[in-house]
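[1] Just to be clear, the model below is a prediction. Sequence and coordinates:
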Amino acid sequence: MSASEASARQDTDGFNRQPSLKVGHTVSTTEAPAIQVQDVCFRWHKGATVLESCSLEVPQGEFWMLLGTNGSGKSTLLKLLANLLQPQSGFIHTSPHVGFVFQNPDHQLVMPTVGADVAFGLVAEKLTYAQVRRRVEEALDAVNLLSLLRRPIYALSGGQKQRVAIAGAIATRCEVLLLDEPTALLDPDSQLDLVAQVQRLVKERGLTALWVTHRLDELNYCDGAFLLEKGKVVDRGDPQRLKQRLMQTPVQ
């Protein structure tokens, strides 16, 4: 699903999603990150602050993971990146084409068959039938589900449903893929199959992916990781180093 679909046409006029140049800020001549978050704050209306001066960057074409305890703000941050929520302050920049994969694919898949569901996200693009079919077949082939083009959604396993959701994002030609604990409802074998699938898509298609998780074994598949605590990124970088740190203080 594209982030624009997921946002249900929410109004974005009140928030500048482009990075700001501040006094003393030097413009880099290197390729800009695919995801930039600068000093973002978010609180629920009449509620507690969820994110406080949160900042991170994900380089283009890399696969990063976001870890933290329950309530640390992981899912909220991902929804901000997908434009499903708006921050009170700070700046967010992402590539214009963003795909979002929910924790529970049943909240995302709306059509009766695999092919129809992937095609559903292309309605707004007003493509010809041949163009839609080509996009759908390419996307399903990318996640190894082309043979299930006509399979009813109800007949799929949990892992297959998540791959259909990813295919829906790929079909829209997304450049950034956001995944909110996509393995939370899967069995152990399906968990690792899915994370390996996303790792391959990042390498082969040049996608940028940010994956929310609390499973330390998934860190073996990513290029880098962030650790979120009480709404702030407190550590980032080498996933194996973070894995060793978290093995001493497990993520809940």
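    Received it, and whenever you're ready, just let me know what you need. Computed from a prediction, not measured in an experiment: that's the story for all the values here.
[2] In its sheet, which strands sit next to the host helix or strand of residue 40, and in what direction?
    Element membership for residue 40 (DSSP states H and E) is strand 35-43. Strand pairing for strand 35-43, using DSSP bridges, gives strand 49-58 (antiparallel), strand 89-94 (antiparallel).
[3] what's the closest of the ones you listed to residue 247?
    Among those, strand 49-58 comes nearest to residue 247, with 22.3 Å by CB to CB. From N, CA and C alone the C-beta is placed, and that goes for glycine too.
[4] List the buried residues for the closest one?
    Buried residues in strand 49-58, defined by neighbour count with 16 or more other CB atoms under 10 Å: 50-51, 54, 56-58.
[5] Figure out how far it is from the centre of its chain.
    Centroid separation for strand 49-58 versus its chain: 16 Å, with CA atoms, centre = their mean, to the nearest Å.
[6] tell me the angle of the following helix or strand past that strand relative to strand 49-58?
    Past strand 49-58, further along toward the C-terminus, the next helix or strand under DSSP H and E is strand 63-68. Angle, strand 63-68 to strand 49-58, by axes from the mean of the first three to the mean of the last three CA atoms, to 10 degrees: 160 degrees.
[7] In terms of secondary structure, what does strand 63-68 contact?
    With contacts taken as 3 or more CB pairs under 8 Å, 6 or more residues apart in numbering; DSSP states H and E, strand 63-68 sits against helix 74-81, helix 188-205, strand 208-212, strand 224-229, helix 239-248.
[8] before we move on, which element is residue 214 in?
    Judged by DSSP H and E, residue 214 forms part of no helix or strand.
[9] Show the pLDDT at it.
    Note for residue 214: predicted pLDDT of 89.
[10] Likewise for residue 238?
    95.
[11] What is the burial count for the residue nearest to residue 237 when sequence neighbours are not counted?
    Among residues not flanking residue 237 along the chain, residue 224 sits closest, at 6.0 Å (CB to CB, 6 or more residues apart in numbering). Using other CB atoms under 10 Å, residue 224 has 18 neighbouring residues.
[12] cool, residue 82 as well?
    Look at residue 82: counted by other CB under 10 Å, it has 22 neighbours.
[13] one step back: got the buried residues for the strand holding residue 40?
    By 16+ other CB under 10 Å, the buried positions in strand 35-43 come out as 35-38, 40, 42.
[14] Same list (these) but as CSV, adding distance to residue 195.
    Putting those into CSV (distance: CB to CB, whole Å) gives the following:
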residue, distance to residue 195
35, 19
36, 24
37, 23
38, 28
40, 26
42, 27
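[15] can you pull up the bridge partners for the spatially most central residue of the chain?
    Closest residue to the average C-alpha location of the chain: residue 178 at 0.5 Å, with CA atoms, centre = their mean. Under DSSP bridges, the beta-bridge partners of residue 178 are residue 100, residue 210.
[16] need the contact list for it.
    By CB atoms under 8 Å, 6 or more residues apart in numbering, residue 178 lies in contact with 3, 78, 81-82, 98-101, 209-210.
[17] Now, of those, which are buried?
    When the contacts of residue 178 are checked for burial by 16+ other CB under 10 Å, the buried set is 3, 78, 81-82, 98-101, 209-210.
[18] So which elements touch the helix or strand residue 116 falls within?
    Assigned by DSSP H and E, residue 116 belongs to helix 114-120. Contacts defined by 3+ CB pairs under 8 Å, 6+ apart place helix 114-120 against helix 129-142, helix 158-171.
[19] With distance to residue 217 and mean pLDDT added, can I get the strands paired with strand 35-43 in a markdown table?
    Compiled in a markdown table, the strands paired with strand 35-43 are given as follows (distance: least, CB to CB, whole Å; pLDDT from 0 to 100):
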| stretch | distance to residue 217 | mean pLDDT |
| --- | --- | --- |
| strand 49-58 | 21 | 96 |
| strand 89-94 | 28 | 95 |
